[in-house]
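Enquirer: no letters, just coordinates:
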């Protein structure tokens, strides 16, 4: 059973999250409920968490401060944000902290359940890979023959973390390969085999998800959002976004605004 922590300062929402979703049927167990980041930290210290659903805006310690602290403690739990907070900097920090996904309030519990099921499946696949590769070592290109070797899964994890925290920059295969200490050809093969997408496909998808998050959760203009996710020319950002979503950034923002009314 995957261990889940629910964090929200509103008691009705917290109770609904724990009761409405079919946690046991999804192969998950809610091990804690918290109404602030401080309470959530106490629960996180007691359990090896797999998934955290957290509100952003809370008293005592907000959601992003809580996430920052548990990341500093080494937690690899997937994080799902509940957000109604219209603040660009919060959205920016959430992306940097590797938040898996989000849903805007008021919560649509059917949509939330589908997203949680998908995340649960990803967690289980990741565990299976870690178990499989736990005894596999790579021939490292470093000159020191006794250097600690990284497994393929560890290399891919490092690559994904680097991409998610540098997506606003001009990223390339050569840069990532050098960061990981492996050849470009091996990186391309490794990444496609583990992620199921090429590096460019994955980077574009992550940038589009970040852009959608910012379009819904910030009041920054299209050019600012495009620049933040790595597209410094608005026309090109609009072209890529429209190809990925079927609509322009402006149309997506307008549609999302109507959906939350």
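Expert: Here it is on my side, so go on. Values in this document were obtained by computation on a predicted structure and should not be read as measured data.

Enquirer: ok, and what's touching the helix or strand in which residue 115 is found?
Expert: Here residue 115, judged by DSSP states H and E, is contained in helix 109-133. With contact meaning Cβ atoms under 8 Å, 6 or more residues apart in numbering, helix 109-133 is reached by 2, 16, 20-22, 26-28, 50-51, 53, 78, 80, 100-101, 103, 151-154, 194. C-beta: built from backbone N, CA, C; applies to glycine.

Enquirer: avg pLDDT for that helix?
Expert: For helix 109-133, mean pLDDT is 83.

Enquirer: quick one: buried residues of it?
Expert: 112, 113, 116, 117, 119, 120, 123, 126, 129, 133 (16 or more other Cβ atoms under 10 Å).

Enquirer: burial count for residue 204?
Expert: Using other Cβ atoms under 10 Å, residue 204 has 20 neighbouring residues.

Enquirer: show the pLDDT at it.
Expert: pLDDT, read off for residue 204, is 93.

Enquirer: how about residue 67: what's its closest non-neighbour residue?
Expert: Leaving out its chain neighbours, the residue that sits closest to residue 67 by Cβ to Cβ, 6 or more residues apart in numbering is residue 97, at 5.1 Å.

Enquirer: same deal with residue 250?
Expert: Nearest non-adjacent residue to residue 250 (Cβ to Cβ, 6+ apart): residue 222, at 6.3 Å.

Enquirer: that neighbour touches residue 242, doesn't it?
Expert: No. The criterion here is Cβ atoms under 8 Å, and residue 222 misses it with residue 242 at 11.8 Å.

Enquirer: still on that earlier bit, what is the burial count for the residue nearest to residue 250?
Expert: Close neighbours of residue 222, defined as other Cβ under 10 Å, add up to 19.
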